[in-house]
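> Output the structure for:
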Amino acid sequence: AVAVSLALLLGVEWVSSCSGCSARPRVQAGLGPAPCLGFPWHTTCLTDACVRVASKILEALDVETDPCQDFYQYSCGGWIKRNPLPNGRSKWSTFNSIWDQNQAIMKHLLENATFNSSSEAERKTQRYYLSCLKEQRIEELGSQPLMELIDKIGGWNVTGSWNQTSFMEVLKMVSGTYRATPFFTVYVGADSKSSNSNVIQVDQSGLFLPSRDYYLNKTANERVRLTYLDYMVELGTLLGGAPEPTHLQMQQVLDFETQLANITVPQAERRDDEKIYHKMSVAELQALAPSIDWLDYLSYALAPLELADTEPVVVYGDTYLQQVSDLINGTDRSILNNYLIWNLVQKTASSLDQRFETAQERLLETLYGTRKSCTPRWQTCISNTDDTLGFALGSLFVKATFDRDSKAIAEEMISEIRAAFEVSLDQLDWMDEKTRQAAKEKADAIYDMIGFPDFILDNKELDDVYDGYEVSEDSFFQNMLNFYNFSAKVMADQLRKPPNRDQWSMTPQTVNAYYLPTKNGIVFPAGILQAPFYARNHPKALNFGGIGVVMGHELTHAFDDQGREYDKEGNLRPWWQNSSLEAFKNRTACMTEQYGRYTVHREKVNGRQTLGENIADNGGLKAAYNAYKSWLQKNGEEKRLPALGLTNHQLFFVGFAQVWCSVRTPESSHEGLVTDPHSPDKYRVIGTLSNSRDFVEHFGCPLGSPMNPGKHCEVW
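Got it, this is the predicted structure:
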């Protein structure tokens, strides 16, 4: 009776043709003679948590698809059918779903009538959020806040008179005070070749559209370019420009951005940090790109610090800066000024009234195939608050949701995955002993940060972080300007200090994780330490297939085509023997070629641009699976989930695949192929698993089937 009612509950058709087994699902497409996948009830987990998660997994499966033909469709077909793209979304996935839940929690915390925090930073967070919600006040102000700002900077030829002699003054205000990034971006961060010290860094920037491709590949992106021009003209006229001259001048700005796109180096060609790193003095930078007065600019952007011509600067695009300088010298000053103010306008316009929102929506719809107006205002405001006061918001989130035991459990899993990775290092026949030893030392030295940084739970420390940032409940636009100004000061303050190893660049509520090469550190925010990535009462197979693979992925980034250039201290320096480096490059070439064959809507994946993430996906899966096998050796087999007919080894791979179930608009898919260093979700599953001998073995995929093509690209 229990078996029947459970089968009905989970919607599975049962047969009992196996001797010695109670039941198995009638799905064995393409697996050859059906092995008995049923199992005695005493080895089945029937807790509430197991029944629930089994039901979820089963709903997501497409059991009509042969797993050896298309494992993504097999694992996610049911999920895709049940999850049409929600209104206003260009993509919907597990990550979006969890972020939505996290946002709802934060909304509840900030709108709570009894909100009464003893932390000033937390009170600022609530004031900022409420200022964003005050749409009536934003409507009353209209375009006035931005028009006043433009006047303060010296005017804009599009909307009136402008101060014609002040290129450097306008650049300093737009870029230094308000943190827009015309022509280039300047920031302070750890020096890649001396990771214990911060240094000024300069890199290419200045395009509004997501990638240079949108400007240069005109046939594929003509509609986007035209809509972008319409958007530019509409914003110009909303700020007081007359239609015809505004159109003419915005066309000139678009042509200028296209020239910038032409000299911008594609992402795929910027993967070798050793090659693109150029350290020089401000004086040498002046000689390289003379159209900018660099000492004047940097002294302003990093005030009140005293800078001299001898100040070191790391430049990540020397040829680009040289060409930008020539371009600036050869361009009419009115076009340069229009471009500079346009950078400020597009950065700040989303904080203005509904007319600006509507204009932006038309552009977003062409770019991503989605309508922003479908997103409730509170969600937009939570995202804005997260961008601005993310750690103070994180303090509220962590206190309300984070299970402290998760930290210890996650740390234990990381050490299991690190151990498994190091065992694999011993088995690599292509790596020489000296490099292998250095790689092991680097893996041992990886520093992990889990959940949240400790300072957010100390009111004084948290308040100190945001000290000097003024927030009023009455002016959202001003709050945003104050933040740009505040963040410029925070950046300047870092320059004469050593990098803080415990500083996070992701907020605790974020559903993501990262590896930072200059710290040789991996970070897993509280936001991702929840189901389906991780739950205490889920089978270990699912936890290792979910958060375990994420951990393995971040750890493997230390050894991808970029991470491998940094040593265990986080310094960019050659530490590989030549023979191992050649073997590594041969293996990565296999992966570049493999992923470069995949297509979405007849458009190819860029195998070079996605190489680092593909190496991390493949290495992460292998390390997590080996760690799971080690866990089983120590702890014995775990009970299986009911109704799925999957062994726990198979469950590991299904759990991994279902993390990547997603749907997205064709426009968003195109944007991802052009800009994203990750492969599309489908190929993160298919590419990784078709390289895994363990997967092929546990699903019995015949040689020559799509999931077992016979050639396995393997790096780690």
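
> from what I can see residue 487 touches residue 178, true?
No - when contacts are counted by C-beta atoms under 8 Å, residue 487 is not listed as touching residue 178 (10.1 Å). Using the backbone N, CA and C atoms, a C-beta is placed for each residue, glycine as well.

> And the two? Which one has more around it.
A direct count of neighbours by other C-beta atoms under 10 Å for residue 487 and residue 178 places residue 178 higher, at 19 against 13.

> which residues sit in contact with the more buried one?
Residues near residue 178 by C-beta atoms under 8 Å, 6 or more residues apart in numbering: 344, 347, 348, 481, 484, 485.

> now the strands for the stretch 451-600 of the chain?
Secondary structure of the stretch 451-600 of the chain (DSSP state E, counting those that start in this stretch): strands located at 514-516, 521-525, 599-600.

> Please report which of the contacts of residue 178 has the highest neighbour count.
Each of the contacts of residue 178 was scored for neighbours by other C-beta under 10 Å, and residue 344 scores highest at 24 neighbours.

> check which helix or strand covers that one.
Assigned by DSSP states H and E, residue 344 belongs to helix 333-348.

> Residue 492 touches residue 305, doesn't it?
Yes - between residue 492 and residue 305 there is a contact under C-beta under 8 Å: 5.8 Å.

> Settle it for me: which of these two has more neighbours?
Higher neighbour count among residue 492 and residue 305: residue 492, with 18 against 15, using other C-beta under 10 Å.

> Tell me how far that one lies from residue 304.
Counting by C-beta to C-beta, to the nearest Å, the separation of residue 492 from residue 304 is 8 Å.

> what comes up buried for stretch 559-571?
By 16 or more other C-beta atoms under 10 Å, the buried positions in stretch 559-571 come out as 559, 560, 561, 562, 563, 564, 565, 566, 567, 568, 570, 571.

> Just name the closest of those to residue 611, please.
Each of the buried residues of stretch 559-571 was scored against residue 611 by C-beta to C-beta, and residue 561 proved nearest at 5.3 Å.

> Surely the closest one touches residue 616?
No - Residue 561 lies out of contact with residue 616 (C-beta under 8 Å); the separation is 10.1 Å.

> Show me what the lengthiest strand in the chain is packed against.
Scanning the chain for the longest strand, with DSSP state E as the assignment, gives strand 194-204. Counting contacts by 3 or more C-beta pairs under 8 Å, 6 or more residues apart in numbering; DSSP states H and E, strand 194-204 packs against strand 184-191, strand 312-315, helix 318-329.

> hmm, try it at 10 Å
Counting contacts by 3 or more C-beta pairs under 10 Å, 6 or more residues apart in numbering; DSSP states H and E, strand 194-204 packs against strand 184-191, strand 278-281, helix 282-288, helix 294-301, strand 312-315, helix 318-329, helix 476-494.

> mean confidence for the last one?
So that's helix 476-494. Helix 476-494 shows a mean pLDDT of 96.

> where does the residue nearest the centre of the chain land on pLDDT?
Residue closest to the average C-alpha location in the chain (C-alpha atoms, centre = their mean): residue 512, at 6.9 Å. The pLDDT attached to residue 512 in the predicted structure is 95.

> Now list whatever residues contact both of residue 492 and residue 305.
188, 200, 298 (C-beta atoms under 10 Å, 6 or more residues apart in numbering).

> Closest one of these to residue 182?
residue 298 (15.4 Å).

> do you know how far the closest one is from residue 341?
Going from residue 298 to residue 341 by C-beta to C-beta gives 22 Å.

> Have a look at the two and say which one is more surrounded.
residue 341 (28 against 24).

> how's the chain carved up into domains?
According to automatic domain parsing, the chain comprises the domains 46-84+405-437+531-716, 144-351.

> Just name the most buried of these.
Here the criterion is mean neighbour count by mean count of other C-beta atoms under 10 Å, and of the domains of the chain the winner is domain 46-84+405-437+531-716, at a mean of 20.

> Report the separation between the two terminal residues of it.
End-to-end distance of domain 46-84+405-437+531-716 (C-alpha to C-alpha, to the nearest Å): 37 Å.

> just how off-centre is that domain within its chain?
Centre-to-centre, domain 46-84+405-437+531-716 and its host chain are 17 Å apart (C-alpha atoms, centre = their mean, to the nearest Å).

> per-residue confidence at residue 372?
In this prediction, residue 372 carries a pLDDT score of 68.

> Could you number the chain from 39 rather than 1 from now on?
Done: numbering now begins at 39, and the last item shifts to residue 410.

> list residues touching both of residue 599 and residue 654?
Joint contacts of residue 599 and residue 654 (C-beta under 10 Å, 6+ apart) are residue 753.

> For the helix holding residue 382, name the packing helices and strands.
Counting by 3+ C-beta pairs under 10 Å, 6+ apart, the packing neighbours recorded for helix 371-386 are helix 182-191, helix 205-209, helix 256-276, helix 281-301, helix 356-367, helix 392-406, helix 514-532.

> and those helices as a markdown table, adding distance to residue 316?
Listed next are these as a markdown table, based on distance: least, C-beta to C-beta, whole Å:
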| stretch | distance to residue 316 |
| --- | --- |
| helix 182-191 | 31 |
| helix 205-209 | 22 |
| helix 256-276 | 31 |
| helix 281-301 | 16 |
| helix 356-367 | 5 |
| helix 392-406 | 33 |
| helix 514-532 | 21 |
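
> Select, out of those helices, the one closest to residue 616.
Proximity to residue 616, assessed across the helices and strands packed on helix 371-386 by C-beta to C-beta, is greatest for helix 356-367 (26.4 Å).

> angle of the closest one against strand 222-229?
For helix 356-367 against strand 222-229, the angle by axes from the mean of the first three to the mean of the last three C-alpha atoms, to 10 degrees is 150 degrees.

> relative to strand 232-242, how tilted is helix 356-367?
Relative orientation of helix 356-367 and strand 232-242, computed by the same axes, to 10 degrees: 40 degrees.

> Give me the contacts around helix 356-367.
For helix 356-367, contacts defined as C-beta under 10 Å, 6+ apart pick out 205, 209, 220-222, 240-244, 294, 297-298, 300-303, 308, 314-316, 318, 322-330, 332, 353, 355, 374, 377.

> low pLDDT regions in the stretch 589-738 of the chain?
Scanning the stretch 589-738 of the chain for pLDDT under 70 picks out nothing.

> ok now the helix holding residue 382, how far from the chain's centre?
28 Å.

> Checking residue 698 next. Helix, strand or coil?
At residue 698 the chain is in coil, as set by DSSP: H, G, I helix; E, B strand; the rest coil.

> likewise residue 659?
Relying on three-state DSSP, one would call residue 659 helix.

> ok so, going back, okay if I get the domains of the chain as CSV plus distance to residue 415?
Output for the domains of the chain, formatted as CSV (distance: least, C-beta to C-beta, whole Å):
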stretch, distance to residue 415
domain 84-122+443-475+569-754, 22
domain 182-389, 12
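
> between these, which one is nearest to residue 148?
With C-beta to C-beta, the closest approach to residue 148 among these belongs to domain 182-389: 18.3 Å.

> Can you give me the first-to-last residue distance of that closest one?
Termini of domain 182-389 sit 12 Å apart (C-alpha to C-alpha).

> roughly how far is stretch 527-543 from the heart of the chain?
Relative to the centre of its chain, stretch 527-543 is centred 21 Å away, using C-alpha atoms, centre = their mean.
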